[in-house]
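J.: make a model of this:
(2 chains)
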Protein chains: 2
Amino acid sequence: MTATVAEPVADTAPDNTAPDNTAPESAAPSRGEQPEFAVVDGHSVWRRLTVRPGMCGHNSLFVGQVGDWTWETVTALCDTNVFAARDADGNPTYLAFYYYHIQGSPEFHHGGLTFGDRIEVASSSFDYGSESVLTLHRISRSGGGSARTAVDPVEFFEDPRPDCLYVQNFNRWVTRSAEGSNVGLVKSSPPDFRHGHLPTLPARYSPRLAYKQARTSHTFHDVADPGFHQVGTASFDYQIDITRDINGVGLIYFASYFSIVDRALLKLWRRLGRSDASFLTRVVTDHKLCYLGNADADSVLRVSVQAYRSVDDPRHEVFTVVATDRTTGRAIAVATIHLTTPEVSR
Amino acid sequence: MTATVAEPVADTAPDNTAPDNTAPESAAPSRGEQPEFAVVDGHSVWRRLTVRPGMCGHNSLFVGQVGDWTWETVTALCDTNVFAARDADGNPTYLAFYYYHIQGSPEFHHGGLTFGDRIEVASSSFDYGSESVLTLHRISRSGGGSARTAVDPVEFFEDPRPDCLYVQNFNRWVTRSAEGSNVGLVKSSPPDFRHGHLPTLPARYSPRLAYKQARTSHTFHDVADPGFHQVGTASFDYQIDITRDINGVGLIYFASYFSIVDRALLKLWRRLGRSDASFLTRVVTDHKLCYLGNADADSVLRVSVQAYRSVDDPRHEVFTVVATDRTTGRAIAVATIHLTTPEVSR
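T.: Numbering: from 1, shown residues only, chains lettered A, B, ... in the order given. Below you'll find the predicted structure:
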């Protein structure tokens, strides 16, 4: 999937000369590593699957895949086909991503996923009223006969396991207020969106506590924390790439912001004198991204990035990224990444 | 999935104040638009599914999704887990993409797929020996109780229906010859790869007839065809983007070449004085791509693109793209695209 074929491979594949096997049904075909799926209870679903090329790598495919799982989870639980939802006026409405948080460990981080890995995903949704919904995913290496359980919020927020990867998605229903424009999306949930049966989370777990800081400070990191000192900064303009960043309904694909953030990290990484090879082996243990505004297909973003290093552990670094609309100056996305670097710069 | 939430959306989602619904199981959850999958016969599988954000849009997600289907199809039919395959020496081996052909119509082309579309996919694999395999996909809008059939090669190659989209993937087993390098991949099929039971195709349908021309002429288009005249040309350098183009095993993701080709089209499109808006509404009815060599993560490609216009139908244009390794001068990828343009340039 991956490799384009090597140039030295000789063109020796036979054309139509394979042995004439007259017993095509002799072996039973398998299900081809098809995902298993089950509804666990009224607010949870479970999956077991094989990691495919289209959901891993040094790109935003994993992020996009988890986003699809969020839509599938809400579709399974809330009586609404999220993929084709419409508001009360009949206009298409989208369960847009507002806050996206990935939490891993050196033992299991999303950059380490590769072809053929067997994983299980427990996904649970929580009630945040008619206009939004929170979905938690807990991803573990498949151990065979493991239980199909709901996500335990206490484990998720207070006692995460090092052998699991946790993803939080906070989504809101939005629709376009003007044909052809992505600016000025307005709230509008579909009338059939059923949410009152979902459990609620204790207030201390509210995503708002996290993203409120991002909205006001444009970072999730406490820049006054004496435990970290700044090691570098960079900024650049990014024009929305209409061959990569536009989704199937003409809006900016939420996962593309992860690529833009990675581009910012790479810019600063190189400025710090580090190699591309070490960039590819960084271990991201925490990635928060908040979507504060919308860009249009012809927007140019001003992206700035700062790196901080832990005083106690020089391999622990924090990168904080802000993308603003160059024309309006408004913040579009704010991200903060914790990572373990394989290469400490000079 | 799509929309980042609009800035005008007020932060009014209630925290933990949703009604306490004590009957969480009152409505049966659905399967959340989970795909259906069936093995039809010894060389064919069938799917019905809902188009998700992660498999459509102005990007290469659809191309990557079909590639995953190819791997799943071969896994289901050939006794080999393609996602985790190893050669006789125990080295990872990949069913790499060598030739990729998408054929649609103005009625149904891959740029027209959007969230929530219901589609059915019939996929059949054909025998090309132990080192390669051909897989044909026929994608149709889901009509409810349609038959689960194999792909009919005559329909596929000689009598395609305007309401179907056809994709051909020709893949070869390759493995790395040197750790950490993507150059010099060598042939190596897994010992358990069973292929003799697959049907063979008549020689006239061989993908080799198509890609042989690409290998020698670096285009699938007959540039001497008097039915077309050249309308423009462009070229540029493209450095492999290690935040987007590297897959889960460190090789260049095959689908990224479709993005590179699209970038070439866009460069020339703008040079021809056309708008980004018209680019996004182009209708690609035929897209051939042949992977002739490999690039490394630090490669720079020289990409050149030519546009030709039909004498008889000025809206019918052909774009032909070649990507060569700037250092070695060797061709890495060759693509030819037929499209209907919504905007004829001056």
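J.: the residue nearest in space to the middle of chain A in helix, strand or coil?
T.: With distances taken as CA atoms, centre = their mean, chain A has A:V63 as the residue nearest its mean C-alpha position (2.7 Å). Three-state call for A:V63 (DSSP: H, G, I helix; E, B strand; the rest coil): helix.
J.: what ranges does the stretch 1-150 of chain A have for its helices?
T.: Assigned by DSSP state H, counting those that start in this stretch, the stretch 1-150 of chain A shows helices spanning A:61-77.
J.: quick revisit: could you double-check that the residue nearest to the centre of chain A lies in contact with A:H101?
T.: No. Taking contacts as CB atoms under 8 Å, A:V63 lies outside contact range of A:H101: 11.2 Å. Backbone N, C-alpha and C define where each C-beta goes, glycine included.
J.: re earlier: per-residue pLDDT of the residue nearest to the centre of chain A, please?
T.: For A:V63, the pLDDT comes out at 98.
J.: residue ranges of each domain in chain A, please.
T.: Segmentation of chain A into domains, based on the TED database, reads A:35-205, A:214-345.
J.: now those domains in a markdown table, with distance to chain B?
T.: Formatted as a markdown table, those follow (distance: least, CB to the nearest CB, whole Å):
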| stretch | distance to chain B |
| --- | --- |
| domain A:35-205 | 3 |
| domain A:214-345 | 3 |
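J.: can you flag the weakest of the ones you listed by average pLDDT?
T.: Note on the domains of chain A: lowest mean pLDDT is at domain A:35-205, with a mean of 93.
J.: distance from the chain centre to that domain, please.
T.: From the chain centre to the centre of domain A:35-205 is a distance of 9 Å (CA atoms, centre = their mean, to the nearest Å).
J.: how far does that domain stretch from one end to the other?
T.: Domain A:35-205 has its terminal residues 31 Å apart, counting by CA to CA, to the nearest Å.
J.: try stretch A:266-284
T.: With CA to CA, one end of stretch A:266-284 sits 13 Å from the other.
J.: same question for stretch A:126-136.
T.: Start-to-end, stretch A:126-136 (CA to CA) is 8 Å.
J.: do stretch A:105-123 as well
T.: 19 Å.
J.: what comes up buried for it?
T.: With burial defined by 16 or more other CB atoms under 10 Å in any protein chain shown, the residues of stretch A:105-123 counted as buried are A:105, A:108-123.
J.: rewinding a little: ok, now which ones touch the residue nearest to the centre of chain A?
T.: Applying CB atoms under 8 Å, 6 or more residues apart in numbering or on different chains to A:V63 gives the contacts A:Y100, A:I102, A:H110, A:F254, A:A255, A:F258.
J.: and which of these is nearest A:D87?
T.: A:F254 (19.6 Å; CB to CB).
J.: excluding chain neighbours, give the residue nearest to the closest one in space.
T.: Leaving aside its sequence neighbours, A:F254 sits nearest to A:F97 (CB to CB, 6 or more residues apart in numbering or on different chains; 4.2 Å).
J.: please name the bridge partners of the one you found.
T.: Beta bridges link A:F97 to A:N171, B:T4, judged by DSSP bridges.
J.: then A:R141?
T.: Beta-bridge partners recorded for A:R141 (DSSP bridges): A:I119.
J.: pull the contacting residues for it.
T.: For A:R141, the contact set (CB under 8 Å, 6+ apart) comprises A:F108, A:D117, A:R118, A:I119, A:E120, A:D163.
J.: same check on A:K267?
T.: Contacts of A:K267 (CB under 8 Å, 6+ apart): A:A234, A:F236, A:V305.
J.: any idea how far it is from A:V303?
T.: A:K267 is 8 Å from A:V303, where distance means CB to CB, to the nearest Å.
J.: the stretch 201-346 of chain A: helices as residue ranges?
T.: Taking DSSP H, counting those that start in this stretch as the criterion, the stretch 201-346 of chain A carries its helices at A:207-217, A:256-271, A:276-280.
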